[in-house]
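> Fold the stuff below for me.
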Amino acid sequence: MKKRNLIYGQSGGVTSVINASAYGAIIAAINNPMVENVYAALNGIKGILEERIIDLKAESKDEIEKIAFTPGAIFGSCRTKLKTEEDFERLFKVFDAYDIGYFLYNGGNDSMETAYQIALKAQEYGYPLKVIGIPKTVDNDLMYTDHCPGYGSAAKFTAISILEATRDLESMHTDSTQVFILESMGRYAGWLAASGILASINGERGPQIFLLPEVPFNEEKFLSKVEEVIRRDGYCSIVAAEALKDSEGNYISTEDYTDAFGNIQLGKIGIYLQKLIRQNLGRKVHTALPDYLQRSSRHIASLTDWEEAIGVGAAAVKFAVDQGLSGVMVSIVRDLDSPYLKHYEPVSLEGIGGKVKYLPEEYISPDGFGVTEKFVEYVRPLIQGEAPNHYLRGIPVYANLKKVPVKRK
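Residues are numbered from 1 along each chain as shown. Alright, predicted model coming up:
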């Protein structure tokens, strides 16, 4: 069997552990005797189309090792959509010129759809390409996997942030701020917002109200709930998902922008709620929008999440090179909650893009303002442990790759 070249790309919003998946894939590919050269595309599929391809074997071993500890998307991400037949023809001309036999695409819903379309085109063109999707998203909304790498670390960040903010609120509420709102990422589903419940698993006071996209927002019920909590506790700590919707399924707060895949830019739900509370209840409110911090905070990444991110990257190489699979995504299958056990399986890329895994009804409290113990059991294992970091003079040290370009062909 002829050796072929492998190319890896990153796509979509980043996570604090997406580079751990890159590391897992790179090390597995470099050590696989059937892989000739290991490449990375700069800015995902966009970099392949533009032939911005780098040779990972030209990097030092020390810098390769640091990739696993680095936040952001070290090779650059993108939201590029392949729209025309000319796009696909160009893509496969590049694959052919660089003798690419294996393509690993690391991303979320839209990225898995792109990977699926490429796998179909490879069959149509008769080109011998193995396409594997490597999952990642802090939203945790990918179908056919128990959870997504990136989610556990973002959940850990959310829980710690709202725990500390609630402590602050509790200490100041008697003659200052009485309501604190943490706006959470989550384009469609409430997985990340719900993770704030983990602030209370050690008996601490966590948020009293959760606003989830799966529960239609009712202004009157919300204001009544806030007032009830303040009367009872003196203050009210809230986690609100950015994708909050009304009873007709319309987003409560958006910005006038959509990306290449038609995804509308969400945000400012915290400000909307803040004004609502001030105008109707006359309470002092503070709002926090962690935004990129929520998805990129590598310094408190979950050890479980980090190890699994490496694992799905390595599994992608195994599925493509050793097993000859194509058109599949690496899925995390949970075997046991306690002790937490899991394994990796390939699942078809068909039907992943364009679908959303929502928070199940059994994870949401009957009144719609909280989450259940079943959700806690689900998410608790995913935040365990602290991923290792390398520090110098008190600041983390990250990879600084040379990014040696492969000669344009």
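> could I have the longest helix anywhere in the chain exported to CSV, CA atoms only?
Counting residues, the longest helix found in the chain (DSSP state H) is helix 151-172. C-alpha atoms of helix 151-172 as CSV (Å, rounded to 0.1, in the frame of the first residue of the first chain):
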residue,chain,number,x,y,z
TYR,A,151,-17.4,21.7,26.3
GLY,A,152,-16.0,20.4,29.6
SER,A,153,-13.5,23.2,29.9
ALA,A,154,-16.0,25.9,29.0
ALA,A,155,-18.4,24.4,31.5
LYS,A,156,-15.7,24.5,34.1
PHE,A,157,-15.0,28.1,33.3
THR,A,158,-18.7,28.9,33.5
ALA,A,159,-19.2,27.2,36.9
ILE,A,160,-16.1,28.8,38.5
SER,A,161,-17.0,32.3,37.1
ILE,A,162,-20.5,32.3,38.3
LEU,A,163,-19.5,30.8,41.7
GLU,A,164,-17.0,33.6,42.3
ALA,A,165,-19.4,36.3,40.9
THR,A,166,-22.2,35.0,43.2
ARG,A,167,-19.9,35.2,46.2
ASP,A,168,-19.2,38.9,45.2
LEU,A,169,-22.9,39.6,44.8
GLU,A,170,-23.8,38.0,48.1
SER,A,171,-21.2,40.2,49.9
MET,A,172,-22.5,43.4,48.3
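> lowest-confidence helix or strand of this structure?
strand 264-266 (a mean of 51; mean pLDDT, DSSP states H and E).
> Now name the helix or strand holding the spatially most central residue of the chain.
Residue closest to the mean C-alpha point of the chain, counted by Cα atoms, centre = their mean, is Thr137 at 1.8 Å. Using DSSP states H and E, Thr137 sits within no helix or strand.
> got any ranges where the stretch 251-400 of the chain has weak pLDDT?
Across the stretch 251-400 of the chain, the ranges flagged by pLDDT under 70 are 254-267.
> those strands in it, which residues are they?
Ranges of strands in the stretch 251-400 of the chain, per DSSP state E, counting those that start in this stretch, are 254-258, 264-266, 285-288, 328-336, 341-348, 391-392, 395-396.
> And the ones you listed: which comes nearest Arg298?
Within those, the stretch nearest Arg298 is strand 395-396; the backing value is 7.0 Å (Cβ to Cβ). For the C-beta atoms, the positions are set from N, CA and C on the backbone; glycine is no exception.
> Which residues does that closest one contact?
Phe69, Arg298, His299, Asn389, His390 (Cβ atoms under 8 Å, 6 or more residues apart in numbering).
> out of the residues you listed, which one sits closest to Lys407?
For these, the nearest to Lys407 is Phe69 (30.3 Å; Cβ to Cβ).
> ok, that closest one - contacts?
Neighbours of Phe69 in contact, by Cβ under 8 Å, 6+ apart: Asn19, Arg298, Ala387, Pro388, Asn389, His390, Pro396, Val397, Tyr398, Ala399.
> So Gly47: helix, strand or coil?
helix (DSSP: H, G, I helix; E, B strand; the rest coil).
> Could you list which residues are in contact with it?
Gly47 sits in contact with Gly9, Ala41, Ile53, Phe75, Gly76, Cys78, where contact means Cβ under 8 Å, 6+ apart.
> Can you show me the strands along the stretch 101-250 of the chain?
130-135, 179-184, 209-211, 236-241.
> Need the mean per-residue confidence for the second one.
Per-residue pLDDT over strand 179-184 has a mean of 97.
> For Asp110, see how far away the closest residue in space to Gln117 that isn't next to it in sequence is.
Nearest residue to Gln117, sequence neighbours excluded (Cβ to Cβ, 6 or more residues apart in numbering): Leu82, at 6.3 Å. In this view, Leu82 and Asp110 are 11 Å apart by Cβ to Cβ, to the nearest Å.
> more neighbours, the two?
Between Leu82 and Asp110, counting by other Cβ atoms under 10 Å, Asp110 is the more crowded of the two (21 against 18).
> ok, the more buried one touching Ile45?
No. Under the criterion of Cβ atoms under 8 Å, Asp110 makes no contact with Ile45, lying 10.6 Å away.
> joint contacts of those two?
Joint contacts of Asp110 and Ile45 (Cβ under 8 Å, 6+ apart) are Ser11.
> In contact with Lys169, which residues are there?
For the record, residue 169 is Leu, not Lys. Here Leu169 is in contact with Thr177, Gln178, Val179, Phe180, Tyr235, Ser237, His286 (Cβ under 8 Å, 6+ apart).
> quick one, what contacts the residue nearest to Met112 when sequence neighbours are not counted?
Spatially, and ignoring its direct neighbours in sequence, Met112 is nearest to Ile352 (4.2 Å; Cβ to Cβ, 6+ apart). By Cβ under 8 Å, 6+ apart, the contact set of Ile352 is Asn109, Met112, Glu113, Tyr116, Gly133, Leu142, Met143, Tyr144, Met329.
> Just to check, the third one is in contact with Glu350?
Right, Glu113. No. The pair Glu113 / Glu350 is not scored as a contact, 9.7 Å apart, by Cβ under 8 Å.
> Looking at the two, which one has more neighbours?
Using other Cβ under 10 Å, the more surrounded residue of Glu113 and Glu350 is Glu113, with 22 against 15.
> quick one: that one and Ile100, what's the gap?
Distance from Glu113 to Ile100, counting by Cβ to Cβ: 20 Å.
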